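J.: Just the structure for this:
(chains A and B)
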Amino acid sequence: MHIPDGFLDPKTWGTLTGVSAGFTGYALYAAKSKLNEKVIPLLGITAAFIFAAQMLNFPVAGGTSGHFLGAILAMALLGAWPGFLVMVVVLLVQCLFFADGGLTALGANVFNMAVIGGLMSYYLLVLSKGALGRGLSERTSLLTCTAVFSWISVVLASIACSFELSISGTVPLGTVLPAMVGVHAIIGVGEAIITTVVIAVVLQSRPDLVDAYSRSPEPGKRLAREVA
Amino acid sequence: MKHDFIDRYSKLESPVHALDPRAKAIALFALIIVCVTTPPGAWWAFCVYAGVVVIIAAASRIPVRYLLSRVLIVLPFILMVAVFIPFMHKGGASYDLGPFAVSSEGLLVLWNVAVKSTISVSCLILLSSTTPFPNLMHGFERLHVPSFFTTVAAFMYRYIFVIVDEAQRMKRACESRNFRGRWIWQARTVGYMVASLFLRSHDRAERVYQAMCARGFDGTFPLQRESRMRAADYIFLSVVVLTVLAGRLVILWK
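T.: Next up is the predicted model:
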């Protein structure tokens, strides 16, 4: 889903670069109180972790495989804005050092995988977790919402990607949308399984590391305290 | 441990490697942006861009085979567009290829994405293969990229090898116990691997931070040798940018 250079026209990548730059600027501002020199090593190593986790391919069906996206995982573990920034760094490094995703398409890739598939899906997760939370235990509602919205995150990102490609006149929407969404609906199942298992295991052994889990102590100061 | 999978060949010695990271980054980014905004019909302009890329690649002494193998990363995307071409029916003459009718409009779109993505990917690969990661990050910092990104990326670079190694060790352990991913529900096993990878990475982050504090870390990464923009850097930058712009503008005059 990392769009290379040349697949988007200037109006599309220009707009999305602006939008993503805006989100990134706001994220730096919103997470400012948390971003001291104590947290930076944690964020850097989480970025390396997301990167390494993306290298573990999982089978989809037959010979094809999908890989992990990790946006929901990063946000559930670190909180929305620090998680967003980690995803931006991962996409930046993939673009510059692996040519995975283009330079002019970087804004679009950040928009798809960190804004639509990240922030938007994560806030939907938080909202529905609150709604579910009245009937169920927090652990159950968190895990259920993680599963559902990890899948939604991947599918939404692929829908955004299809629209961008078709607005740019690269591929016709009518054919690309079903193809992209079909493939990512399956990849999303893998994403949902992995993200849910990771959150479940981390909740078991270190619940204090899951930012989305409110019963861990001192929700606001957790990041800073963790590495202190 | 594969230490060099990020910026492989970045420690060779060549005129391109010796340039300041800023000069290389600005010149190659300019090339990418000009290339991507060129109309697909401007054949000569693309020849000029490709010529510039080939000259830089030749001067950098990076093995051609390696460069080509890295450029292949865009191939799946180009193939994806190629698959959709028979479904494009707007305008232009159409050619019959067996059961499919291919419009010239569709072929132009395919040419457009193929040439632009190949040239841009080559530029990015040349940049990362001729500049060590820390130097490039330092260059970005001097170009006023927020230091948050350069510092986090610097940490990422230091530990990516360790963590990728850990991930590969788990994968090997898994395979040696006859785990072979066949079906999607086996993603659960990958989930357990990712979870323990995260817990281990997190513990490592704590140890690393404490070790760094013990050695006087204050949030910045000092560089042994400050690199300076010299005459050669300005010449490289202006020659690349002017050649590329000239290639772009020639089309406008016609």
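
J.: Every contact and neighbour count from this point should use C-alpha atoms.
T.: Noted.

J.: Quick one: residues contacting residue 82.
T.: Picked chain A for this. For A:Pro82, the contacting residues are A:27, A:31, A:43, A:75, by CA atoms under 8 Å, 6 or more residues apart in numbering or on different chains.

J.: should've been chain B
T.: So B:Ala82 contacts B:Leu110 (CA under 8 Å, 6+ apart).

J.: Check chain B and tell me which residue is nearest its centre.
T.: B:Leu124 (4.1 Å; CA atoms, centre = their mean).

J.: what stretches of chain A score poorly on pLDDT?
T.: Within chain A, the stretches with pLDDT under 70 are A:56-67, A:215-228.

J.: Where does the prediction get shaky in the stretch 101-250 of chain B?
T.: The low-confidence ranges in the stretch 101-250 of chain B, as defined by pLDDT under 70, are B:101-102, B:181-185, B:219, B:223-226.

J.: Show me the helices in it, by range?
T.: Taking DSSP state H, counting those that start in this stretch, the helices of the stretch 101-250 of chain B run over residues B:104-130, B:133-142, B:147-176, B:187-214, B:231-253.

J.: With chain A instead?
T.: A:10-30, A:39-53, A:71-78, A:80-98, A:106-110, A:121-132, A:138-167, A:173-205, A:222-227 (DSSP state H).

J.: Next one: B:Phe84 from chain A, what distance?
T.: 6 Å (CA to the nearest CA, to the nearest Å).

J.: returning to that earlier point: minimum distance to B:Val190: which of the helices of chain A has it?
T.: Closest to B:Val190 of those is helix A:173-205 (CA to CA; 6.5 Å).

J.: and that closest one, which residues are buried?
T.: By 16 or more other CA atoms under 10 Å in any protein chain shown, the buried positions in helix A:173-205 come out as A:173, A:176-177, A:180-181, A:184-203.

J.: out of those, which touch chain B?
T.: With the criterion set as CA under 8 Å from any CA of the partner chain, the members of the buried residues of helix A:173-205 near chain B are A:176, A:189-190, A:193-199, A:201-202.

J.: could the residues you listed be laid out in JSON lines, adding distance to B:Phe155?
T.: Shown next, in JSON lines, are those (distance: CA to CA, whole Å):
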{"residue": "A:Val176", "distance to B:Phe155": "38"}
{"residue": "A:Val189", "distance to B:Phe155": "31"}
{"residue": "A:Gly190", "distance to B:Phe155": "29"}
{"residue": "A:Ile193", "distance to B:Phe155": "29"}
{"residue": "A:Ile194", "distance to B:Phe155": "25"}
{"residue": "A:Thr195", "distance to B:Phe155": "24"}
{"residue": "A:Thr196", "distance to B:Phe155": "27"}
{"residue": "A:Val197", "distance to B:Phe155": "27"}
{"residue": "A:Val198", "distance to B:Phe155": "23"}
{"residue": "A:Ile199", "distance to B:Phe155": "24"}
{"residue": "A:Val201", "distance to B:Phe155": "26"}
{"residue": "A:Val202", "distance to B:Phe155": "23"}
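
J.: which one of those residues sits closest to B:Ser238?
T.: Using CA to CA, these come closest to B:Ser238 at A:Val176, 41.0 Å.

J.: need the contact list for the closest one.
T.: A:162, A:166, B:84.

J.: The first one and A:Thr175 touch, don't they?
T.: No: A:Ser162 sits out of contact with A:Thr175 when judged by CA atoms under 8 Å, with a separation of 9.6 Å.

J.: Need the residue in chain A that's farthest from the chain's center.
T.: Max distance from the centre of chain A (CA atoms, centre = their mean): A:Gly135, 27.6 Å.

J.: which of the helices of the stretch 101-250 of chain B is buried the deepest?
T.: helix B:104-130 (a mean of 23; mean count of other CA atoms under 10 Å in any protein chain shown).

J.: Backbone dihedrals for the residue farthest from the centre of chain A, both of them.
T.: phi -90, psi -30 (degrees, to the nearest 10).

J.: A:Cys145 against A:Lys129, yeah?
T.: Yes: counting by CA under 8 Å, A:Cys145 touches A:Lys129, with 6.0 Å between them.

J.: hmm, back to that, and the gap between the residue farthest from the centre of chain A and B:Ile163?
T.: A:Gly135 sits at a distance of 39 Å from B:Ile163 (criterion: CA to CA, to the nearest Å).

J.: need the contact list for the residue of chain A found nearest chain B.
T.: Going by CA to the nearest CA, chain B is nearest to A:Ile194 of chain A, at 4.0 Å. Contacts of A:Ile194 were listed using CA under 8 Å, 6+ apart, and they are A:68, B:187-188, B:190-192, B:194.

J.: Could you check how far it is from A:Ser162?
T.: The value you get for A:Ile194 to A:Ser162, if CA to CA is used, is 25 Å.

J.: and what of B:Cys123?
T.: 26 Å.

J.: same thing with B:Met170?
T.: As judged by CA to CA, B:Met170 and A:Ser162 stand 35 Å apart.

J.: Next: A:Leu103.
T.: Taking CA to CA, one finds A:Leu103 at 19 Å from A:Ser162.

J.: Help me confirm that B:Phe236 comes into contact with B:Ala25.
T.: No: under the criterion of CA under 8 Å, B:Phe236 makes no contact with B:Ala25, lying 11.2 Å away.

J.: Identify the residues contacting B:Phe29.
T.: With CA under 8 Å, 6+ apart, B:Phe29 has these contacts: A:103, B:123.

J.: Tell me the first helix or strand C-terminal of the helix or strand containing it.
T.: Assigned by DSSP states H and E, B:Phe29 belongs to helix B:21-36. Using DSSP H and E, the helix or strand that follows helix B:21-36 in sequence is helix B:43-60.

J.: what helices or strands is that next one leaning on?
T.: Here helix B:43-60 touches helix B:15-18, helix B:21-36, helix B:104-130, helix B:231-253, going by 3 or more CA pairs under 8 Å, 6 or more residues apart in numbering or on different chains; DSSP states H and E.

J.: That one vs helix B:231-253, what angle?
T.: Orientation check (axes from the mean of the first three to the mean of the last three CA atoms, to 10 degrees): helix B:43-60 against helix B:231-253 gives 160 degrees.

J.: Just give me the neighbour total for the nearest residue to A:Ala47 once chain neighbours are set aside.
T.: Nearest residue to A:Ala47 in three dimensions, chain neighbours excluded: A:Val86, at 5.4 Å (CA to CA, 6 or more residues apart in numbering or on different chains). A:Val86 has 27 neighbours, counted by other CA atoms under 10 Å in any protein chain shown.
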